[in-house]
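**Student:** Sequence first, predicted coordinates after that:
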Amino acid sequence: MIRSITFTFFVRLIAAVLNFLVIVLLSRELGPEGKGFCTRYLTIISNALIFCDFIGGPPLVFLSARYSVGSILLPSYLWSAVTSVFTTYVFFLFDQFTSNELYILMILSFLNSCVAIHQNILSGKMKFSRLNTIILVQSVVLFFVLRYLFEITTSVFELTPSPIHYLLALGVSYGIAALVGFFFLLTLEKSGEIITFVKFFVQAFRYGFVNILGHLLQFINQRLSYFLLNPNSLGVYSNATSVGESLWLVSNSIATVQYGKISNTTQKEEAEKLSLFFLKLNFVLSCLAGLVLFFLQDSFFLWLFGNSFAGIHEILLYLVPGLIFYSGYLILGHHFSGRGEFYKNLICILAGLLFTATGVGLIFITNKGYTVYIAGAITSLAYMANFFVALFLFQRESVFTLKQFLINREDLVFLLRGFKKESDKTD
């Protein structure tokens, strides 16, 4: 298990570096405004994935651990196709992009949802190395295709790069990652009982309704600022957000393994003990990463992204505290999801949404103007609310005392035993 987490972390680290290089490419070639448009495209695709996740998201991890892959794959595809088209068209009606980009974004949303479906099934089957391979392939392809498109546009055709090149690179990366994931599913051993279309949709809706509502509300918590800021400010703020959210590399790596393990565990106390250990480990590593971000000055970001991206360091001062607390929520949230207790995540997200709605409302009532710094502060407070409500729910129904939430000798023993067991298996 520890080895799986370590491997997942390094794969995600490589993917994060490549994705960060994509941000650098977009920033240098397109400037803040062009980068802002690309951010909005990706946000729309991500929002479409929330509705696709109604069937093909976290509930699929829970269900794929119990039913055969063949009987859950087709209905997941069908649902994703319908919701990708519908959700993208709704954004089009609100003038978030032009008609020329409509069909491209529909296709990209569907391909992205297919990638997510394959990853969730592999997580439910605890095939973490294959899941990590998909993540790595997608990041590698995106970076090199985007770089190639920018180079031939400027050197061969002598034209200026535009956000459309980013959409094309996304299409290639999503398409290849989806094919790789589908191949991995074909090679899985046939296991689990066959589930009918009707039963699958009933089960998925049972777990998915609360889940999609939670994801939608959390999307508002995390990305409402992306629609309130102008493209130039959004370009700077989104870069700061991307840098800050690199903190979640640790928690996402842990949660990937944790979710699959807990979904396949029937012992409540065993699942709670595992999640508490992961929570402590995550906080130690995330705080260390947060310190590194605090020491990065604006001069570094100006050198990295270009002279138009001033203010990133100050935005991070507002964001990082909340990002650290939210990394803890990711661990507790995946514990709830792995236990099928999606309603608890919804409670935590509603707490964060209350802070977001109050903050944004006060800004517009007082007419003070919605700046990147205000956006960072409101988002950070919402993240803190997510964590502390989740911690309350977890502690209330667990066997642990508050003292046991502190790092102790047993945690070090647990960590060392984990490494020893896996080294013994290797031997």
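**Tutor:** It's in.
**Student:** Which of the three states applies to Y370?
**Tutor:** Using DSSP: H, G, I helix; E, B strand; the rest coil, the structure places Y370 in coil.
**Student:** quick one: the helices in the stretch 101-250 of the chain?
**Tutor:** According to DSSP state H, counting those that start in this stretch, the stretch 101-250 of the chain carries its helices in the segments 128-151, 163-186, 197-223, 225-228, 231-244, 248-263.
**Student:** What residues sit buried inside the second one?
**Tutor:** To tie it back to what came earlier, the one meant is helix 163-186. 163, 165-167, 169-181, 184-185 (16 or more other C-beta atoms under 10 Å). Quick note: C-beta positions are derived from backbone N, CA and C, even for glycine.
**Student:** rewinding a little: I'd like the helices of the stretch 101-250 of the chain written out as a markdown table, with mean pLDDT and distance to L346 added.
**Tutor:** A markdown table is the format used below for the helices of the stretch 101-250 of the chain (pLDDT from 0 to 100; distance: least, C-beta to C-beta, whole Å):
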| stretch | mean pLDDT | distance to L346 |
| --- | --- | --- |
| helix 128-151 | 94 | 26 |
| helix 163-186 | 96 | 28 |
| helix 197-223 | 81 | 4 |
| helix 225-228 | 88 | 22 |
| helix 231-244 | 92 | 24 |
| helix 248-263 | 85 | 17 |
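**Student:** so can I have a markdown table of those showing distance to N47?
**Tutor:** Shown next, in a markdown table, are the helices of the stretch 101-250 of the chain (distance: least, C-beta to C-beta, whole Å):
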| stretch | distance to N47 |
| --- | --- |
| helix 128-151 | 19 |
| helix 163-186 | 15 |
| helix 197-223 | 6 |
| helix 225-228 | 10 |
| helix 231-244 | 15 |
| helix 248-263 | 19 |
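**Student:** Which among the ones you listed is found nearest to I365?
**Tutor:** Of all those, helix 225-228 sits nearest to I365, with 14.4 Å by C-beta to C-beta.
**Student:** Can you name every helix or strand that that closest one contacts?
**Tutor:** For helix 225-228, the packing partners by 3 or more C-beta pairs under 8 Å, 6 or more residues apart in numbering; DSSP states H and E come out as helix 2-56, helix 231-244, helix 372-396.
**Student:** List the contacts of the second one.
**Tutor:** Which is helix 231-244. The contact list for helix 231-244 (C-beta atoms under 8 Å, 6 or more residues apart in numbering) reads 19-20, 23, 27, 31-37, 39-40, 225-226, 229, 293, 296, 301, 305, 308-312, 315-316, 319-320, 323, 371-372, 375-376.
**Student:** tell me the angle that helix makes with helix 197-223.
**Tutor:** Orientation check (axes from the mean of the first three to the mean of the last three C-alpha atoms, to 10 degrees): helix 231-244 against helix 197-223 gives 110 degrees.
**Student:** Which parts of helix 231-244 count as buried, going by neighbours?
**Tutor:** Result for helix 231-244 [16+ other C-beta under 10 Å]: buried residues 231, 233-244.
**Student:** And stretch 188-206, by the same measure?
**Tutor:** L188, G192, I195, F200, F201, Q203, A204.
**Student:** pull the CA atoms of it into CSV?
**Tutor:** Coordinates of each C-alpha in stretch 188-206 appear next as CSV, following Å, rounded to 0.1, in the frame of the first residue of the first chain:
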residue,chain,number,x,y,z
LEU,A,188,-8.9,-7.1,-16.7
GLU,A,189,-9.9,-10.5,-15.4
LYS,A,190,-13.6,-11.0,-15.6
SER,A,191,-15.0,-10.8,-12.1
GLY,A,192,-18.1,-9.6,-10.2
GLU,A,193,-21.7,-10.2,-11.0
ILE,A,194,-23.4,-8.9,-14.1
ILE,A,195,-25.8,-5.9,-13.4
THR,A,196,-28.7,-4.9,-15.6
PHE,A,197,-29.1,-1.4,-17.1
VAL,A,198,-31.9,-0.6,-14.8
LYS,A,199,-30.3,-1.9,-11.6
PHE,A,200,-27.0,-0.1,-12.5
PHE,A,201,-28.7,3.3,-13.0
VAL,A,202,-30.7,2.8,-9.8
GLN,A,203,-27.5,2.0,-7.9
ALA,A,204,-25.5,4.8,-9.6
PHE,A,205,-28.3,7.4,-9.0
ARG,A,206,-28.5,6.3,-5.4
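**Student:** Tell me how far that stretch lies from the chain's centre.
**Tutor:** 25 Å (C-alpha atoms, centre = their mean, to the nearest Å).
**Student:** Compile the buried residues of helix 231-244 into CSV and extend it with columns for distance to A255.
**Tutor:** Shown next, in CSV, are the buried residues of helix 231-244 (distance: C-beta to C-beta, whole Å):
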residue, distance to A255
P231, 32
S233, 31
L234, 28
G235, 29
V236, 29
Y237, 25
S238, 23
N239, 25
A240, 23
T241, 19
S242, 19
V243, 20
G244, 18
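**Student:** Which of those residues sits closest to V250?
**Tutor:** Of those, the one sitting nearest to V250 (C-beta to C-beta) turns out to be G244, at 13.3 Å.
**Student:** helix or strand for the closest residue to that closest one other than its chain neighbours, which one?
**Tutor:** Counting by C-beta to C-beta, 6 or more residues apart in numbering, G244 lies nearest to L319, which is 4.5 Å off, once chain neighbours are set aside. Element membership of L319 [criterion: DSSP states H and E] is helix 312-338.
**Student:** That helix: what's the following helix or strand?
**Tutor:** Next along from helix 312-338, by DSSP H and E: helix 342-366.
**Student:** For that following helix, name the packing helices and strands.
**Tutor:** Checked by 3+ C-beta pairs under 8 Å, 6+ apart, helix 342-366 has helix 197-223, helix 312-338, helix 372-396 packed alongside it.
**Student:** what mean pLDDT does that helix have?
**Tutor:** For helix 342-366, the per-residue pLDDT values average out at 92.
**Student:** for stretch 287-300, same thing?
**Tutor:** Rounded mean pLDDT across stretch 287-300 is 93.
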